[in-house]
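Peer 1: 3D model of this:
(2 chains)
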Amino acid sequence: EPEVTQTPSHQVTQMGQEVILRCVPISNHLYFYWYRQILGQKVEFLVSFYNNEISEKSEIFDDQFSVERPDGSNFTLKIRSTKLEDSAMYFCASTGFYQRPYEQYFGPGTRLTVT
Amino acid sequence: KNEVEQSPQNLTAQEGEFITINCSYSVGISALHWLQQHPGGGIVSLFMLSSGKKKHGRLIATINIQEKHSSLHITASHPRDSAVYICAVGDSTFGTDKLIFGTGTRLQVFP
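Peer 2: You can find the predicted model right below:
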């Protein structure tokens, strides 16, 4: 069964460093999302992406964040200068475009630890 | 103000018990999702529903659109059902159907 994959599974970085989290969505999906979950808190929406552009972003998704689909398969989340409060689990999700409402398929997550 | 409220936050049960988790929401939705999150952190979709009732094995999900309320039931609970169960609603305001999540219900089933 097709699945969303994410790499790395765990990333440790120092404050101020840039990180890139990678996702490979399901191949025929068209909408892509990033969510994050700070330890002990609920999952929060960061950004959605469709047709090679951001379709919606949350207040969390400030200028330090960017997303890109550099080729036909990868979907990346970049944090330019990480802060301690960026430590969280980051989930990528994708969905098809067949019939509303759209079921979202989640990747296993990348745990980001900023020290 | 929380847009998605779940109750209870924590739930313990003996194996075999019938479990109910409730979810209320205050926004217009495209669909309601029930998700399962295991200790490793991965999220698995259990149900997506916009009306009525769905059943999958021992899991049943219902939704009442007028009352903006949904329930997830687990019949004959088993220790392997122990996980966090999350209610999320699809928000189609900007056409993206992004999910707005509840805080989750941590379920522990003891043998």
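
Peer 1: list the contacts for the residue of chain B found nearest chain A?
Peer 2: Nearest residue of chain B to chain A (Cβ to the nearest Cβ) works out as B:Ala31 at 3.4 Å. (C-beta placed from N, C-alpha, C; glycine too.) Listed by Cβ atoms under 8 Å, 6 or more residues apart in numbering or on different chains, the contact partners of B:Ala31 are A:101, B:48-50, B:89-90, B:97.

Peer 1: Once you drop chain neighbours, what's closest to the spatially most distant residue from the centre of chain B?
Peer 2: What lies farthest from the middle of chain B is B:Phe94; by Cα atoms, centre = their mean that is 23.8 Å. Counting by Cβ to Cβ, 6 or more residues apart in numbering or on different chains, B:Phe94 lies nearest to A:Glu56, which is 4.4 Å off, once chain neighbours are set aside.

Peer 1: and the one you found, how many neighbours?
Peer 2: Residues near A:Glu56, counting by other Cβ atoms under 10 Å in any protein chain shown, number 19.

Peer 1: Isn't A:Tyr35 up against A:Ala88?
Peer 2: No - A:Tyr35 sits out of contact with A:Ala88 when judged by Cβ atoms under 8 Å, with a separation of 9.6 Å.

Peer 1: Just confirm A:Pro2 is within a strand.
Peer 2: No - judged by DSSP: H, G, I helix; E, B strand; the rest coil, A:Pro2 forms no part of a strand; its state is coil.

Peer 1: before we move on, which element is A:Cys23 in?
Peer 2: A:Cys23 is part of strand A:19-24, with elements assigned from DSSP states H and E.

Peer 1: ok, which residues in chain A are in contact with chain B?
Peer 2: A:31, A:33, A:35, A:37, A:41-45, A:48, A:50, A:55-56, A:89, A:91, A:93, A:95, A:100-106, A:108-109, A:111 (Cβ under 8 Å from any Cβ of the partner chain).

Peer 1: which strands and helices sit next to the strand ranked longest in chain B?
Peer 2: The longest strand of chain B (DSSP state E) is strand B:83-91. Helices and strands touching strand B:83-91, by 3 or more Cβ pairs under 8 Å, 6 or more residues apart in numbering or on different chains; DSSP states H and E, are strand B:4-7, strand B:19-25, strand B:32-37, strand B:43-49, strand B:69-74, strand B:98-101, strand B:105-110.

Peer 1: can you pull the buried residues of stretch B:88-97?
Peer 2: Going by neighbour count (16 or more other Cβ atoms under 10 Å in any protein chain shown), the buried part of stretch B:88-97 is B:88-92, B:96-97.

Peer 1: residue contacts, the most centrally placed residue in chain A?
Peer 2: The residue lying closest to the centre of chain A (Cα atoms, centre = their mean) is A:Trp34, at 3.1 Å. When the contact criterion is Cβ under 8 Å, 6+ apart, the partners of A:Trp34 are A:21, A:23, A:46-47, A:67, A:77, A:90-93.

Peer 1: Among those residues, which one sits closest to chain B?
Peer 2: A:Phe91 (6.2 Å).

Peer 1: Pull the number of nearby residues for the closest one.
Peer 2: Neighbours of A:Phe91 (other Cβ under 10 Å): 26.

Peer 1: Angles on the backbone of it, please.
Peer 2: Phi and psi for A:Phe91, reported as degrees, to the nearest 10, are phi -110, psi 140.

Peer 1: So it sits against A:Glu44, correct?
Peer 2: No - in this structure A:Phe91 lies outside contact range of A:Glu44 using Cβ under 8 Å: 10.0 Å.
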